[in-house]
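Enquirer: let's see this in three dimensions:
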Amino acid sequence: MKQYKSIEETIADVRKKDKKYNYIILIVVLLMISVIASLIIYAQDKKNKANKTRIEFLADENEVNQELIEKYQFEFIENERLRRNDSLRTDSIATLVKTLRKELAHIERDLNNKNIPRTDRATALTSVNLAQDKLNRITNNITDNTIVRYYKRKADGSRIEHLIQGMKNPSFNLNLMQVVNDNGRNRVNTIWYGADVNKDEVFQLVDHLLKIRVHIKNVKEFDNPSTKGWKSQAIEIGYENVATTTKVVTQSDLLKYKSVNTNDKYNVRFYSFNPDEKAKRSLASFIKKYNYNLKIYPDWKKKPSFFSNSPTIFYYSDKSKIAARELRDKLNKTGLGVKFTTQRGSGYGISKSELDNTFIVHYME
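Expert: Below is the predicted model:
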């Protein structure tokens, strides 16, 4: 006979099964909560990382934008300053030209006056030289090319001045001077040059003169080694009394003036803030002397935010790093008490084609 559980036993079994079922349900729920919590934490972490990356990107982008803004501000200010500088230079040139025209017109009237004795023509020539000197000042004010002062003689004709005016690499500022009491028998035969002149330019000039059969017999530094001012950076062509047996210089004689360095492939942009003007001129002279292509910009009246805090030479490629250090060492040995350092620049404002051959100099007192 089949036995049935009592009601109390049945209830106990049901409660026992419910507890087991509830326990399983609890475990499943806890597992689901754990998985969901993990997914939420993962998603939040991913979002935080994305936000961090975005913040870093925006910070970098902001830094780049700030540099670009400073770059364009720099270019705007520089262009505006150059425009004002050119305007002042134009006014100065216009004034000099006006004065020069009056003086030449006066000289022309004197020379055409038949009542003036021939002996007074020397005085007229002196006036011509004074007027010519003003013209030289105009020429020197326009470019930074090396000055060639040429004491023209009647026997030379016009070929030398035409040659110098036509030269392009290098180009020169021709300062033409008339020779008083020129008897027409002597031609120029000597080249003098200043201590700070690029010797390669001396080579090029003499070489061109020899090719048009100008008989140069002496090439030498100015007799006074302490020559300063414009003359230390100038070349002079003139006549010197020499022995008739003195031979014309040859290509072999000129080899000592031929530059063997490759600095002419580098472009140097020179910027300055509150500089020592004398030191600045000397630094520029040394840079040109070592055959670099130099461009000097007007002084900054107010220090830009991107301007270095000490004299610095910036380079923009690993290929030019050693050359930048060589330029630094040269300038640090000038005896001016200026100590340059080298630093790799960001490259803003430098085109790809200029990265390997451009240096920017920041100089301040």
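
Enquirer: any stretches of the chain with poor pLDDT?
Expert: Along the chain, segments meeting pLDDT under 70 span 1-39, 42-98, 100-144, 224-229, 258-261.

Enquirer: strands along that one, start to end?
Expert: Taking DSSP state E as the criterion, the chain carries its strands at 146-152, 172-178, 190-193, 218-221, 234-238, 267-273, 293-296, 312-315, 341-344, 358-364.

Enquirer: possible to save the ones you listed as a markdown table with mean neighbour count and distance to Q165?
Expert: For every residue, glycine as well, the C-beta is placed using N, CA and C. Shown next, in a markdown table, are those (neighbours: other C-beta atoms under 10 Å; distance: least, C-beta to C-beta, whole Å):
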| stretch | mean neighbour count | distance to Q165 |
| --- | --- | --- |
| strand 146-152 | 20 | 10 |
| strand 172-178 | 20 | 6 |
| strand 190-193 | 22 | 17 |
| strand 218-221 | 15 | 21 |
| strand 234-238 | 22 | 13 |
| strand 267-273 | 19 | 25 |
| strand 293-296 | 16 | 21 |
| strand 312-315 | 22 | 35 |
| strand 341-344 | 15 | 39 |
| strand 358-364 | 23 | 30 |
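
Enquirer: what is the end-to-end distance of stretch 340-357?
Expert: Across stretch 340-357, the terminal residues are separated by 19 Å (C-alpha to C-alpha, to the nearest Å).

Enquirer: and if you look at stretch 149-166?
Expert: Taking C-alpha to C-alpha, stretch 149-166 runs 15 Å from one end to the other.

Enquirer: re the thing from before, out of the strands of the chain, nearest to I212?
Expert: The minimum distance between I212 and the strands of the chain falls on strand 234-238, with 12.8 Å, by C-beta to C-beta.

Enquirer: contacting residues for F273?
Expert: With contact set as C-beta atoms under 8 Å, 6 or more residues apart in numbering, F273 has these partners: 299-300, 303-304, 307, 362-364.

Enquirer: could you export the strands of the chain as a markdown table, including distance to K211?
Expert: Compiled in a markdown table, these are given as follows (distance: least, C-beta to C-beta, whole Å):
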| stretch | distance to K211 |
| --- | --- |
| strand 146-152 | 16 |
| strand 172-178 | 16 |
| strand 190-193 | 14 |
| strand 218-221 | 15 |
| strand 234-238 | 15 |
| strand 267-273 | 29 |
| strand 293-296 | 25 |
| strand 312-315 | 38 |
| strand 341-344 | 41 |
| strand 358-364 | 34 |
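
Enquirer: mind checking which of those strands is nearest K321?
Expert: Relative to K321, the nearest member of the strands of the chain by C-beta to C-beta is strand 312-315, separated by 5.7 Å.

Enquirer: packing partners of that closest one?
Expert: helix 321-332, strand 341-344, strand 358-364 (3 or more C-beta pairs under 8 Å, 6 or more residues apart in numbering; DSSP states H and E).

Enquirer: give me the sheet partners of the last one and which way each runs.
Expert: Same thing as strand 358-364. Within its sheet, strand 358-364 is paired with strand 267-273 (parallel), strand 312-315 (antiparallel), according to DSSP bridges.

Enquirer: just the closest of the contacts of F273 to F286, please.
Expert: Among these, and counting by C-beta to C-beta, the member closest to F286 is Y363, at 12.1 Å.

Enquirer: isn't the closest one up against A284?
Expert: No - Y363 lies out of contact with A284 (C-beta atoms under 8 Å); the separation is 9.6 Å.

Enquirer: joint contacts of those two?
Expert: Common neighbours of Y363 and A284, using C-beta under 8 Å, 6+ apart, are F270.

Enquirer: can you list the domains in the chain?
Expert: Domain assignment for the chain by automatic domain parsing gives 143-257, 263-364.

Enquirer: tabulate the ones you listed (a markdown table), appending distance to T99.
Expert: Formatted as a markdown table, the entries for the domains of the chain read as follows, by distance: least, C-beta to C-beta, whole Å:
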| stretch | distance to T99 |
| --- | --- |
| domain 143-257 | 17 |
| domain 263-364 | 25 |
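
Enquirer: which one, of those, ends up nearest to I40?
Expert: For I40, the closest of these is domain 263-364, at 43.0 Å, according to C-beta to C-beta.

Enquirer: what is the end-to-end distance of that closest one?
Expert: 24 Å.

Enquirer: equivalent analysis for stretch 243-255, please.
Expert: The separation between the terminal residues of stretch 243-255, taken as C-alpha to C-alpha, is 24 Å.

Enquirer: lovely, talk soon.
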